[in-house]
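1. With the input below, show me the fold.
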Amino acid sequence: MISLLMLLAANNVFVTGNELYGQCTGTSEEQLICLSYITGVADGMTVTQVVYEPSPGFACIPDGVNRQQVRDIVVKYMTNNPESRHMHAGAVIIVALKNAFPCK
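-> Alright, predicted model coming up:
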């Protein structure tokens, strides 16, 4: 899990976990940006799971989980793991969701 974060830390980063965390805990407009970003990453991950076989590198988000719940999981992860927030925001989201919803 951490190796995924380390790998993505070395590549170009458009949004870091620090930036995302700031948005998620910021103004109502910033929180909307946070929700949209997390939803986009989660949707992309879910589409990948549909097109390909479920991968141990991703999360398997169960039916019924809404985007607010996904956002809460990611914000809780970033709050509890501040050492990972300098990494790529997408990787932080994937790791947070993988911890919450591992593929079986």
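2. which one is residue 59 nearest to, not counting chain neighbours?
-> Leaving aside its chain neighbours, residue 59 sits nearest to residue 97 (3.7 Å; criterion: Cβ to Cβ, 6 or more residues apart in numbering). For every residue, glycine as well, the C-beta is placed using N, CA and C.
3. quick one: the helices in this protein?
-> 2-9, 17-24, 28-51, 67-80, 89-100 (DSSP state H).
4. Of these, which shows the lowest average pLDDT?
-> Note on the helices of the chain: helix 2-9 shows the lowest mean pLDDT, a mean of 51.
5. isn't residue 38 right up against residue 71?
-> Yes - the pair residue 38 / residue 71 is scored as a contact, 5.1 Å apart, by Cβ atoms under 8 Å.
6. Name the residue in those two with the higher neighbour count.
-> More crowded of residue 38 and residue 71, by other Cβ atoms under 10 Å: residue 38, with 27 against 20.
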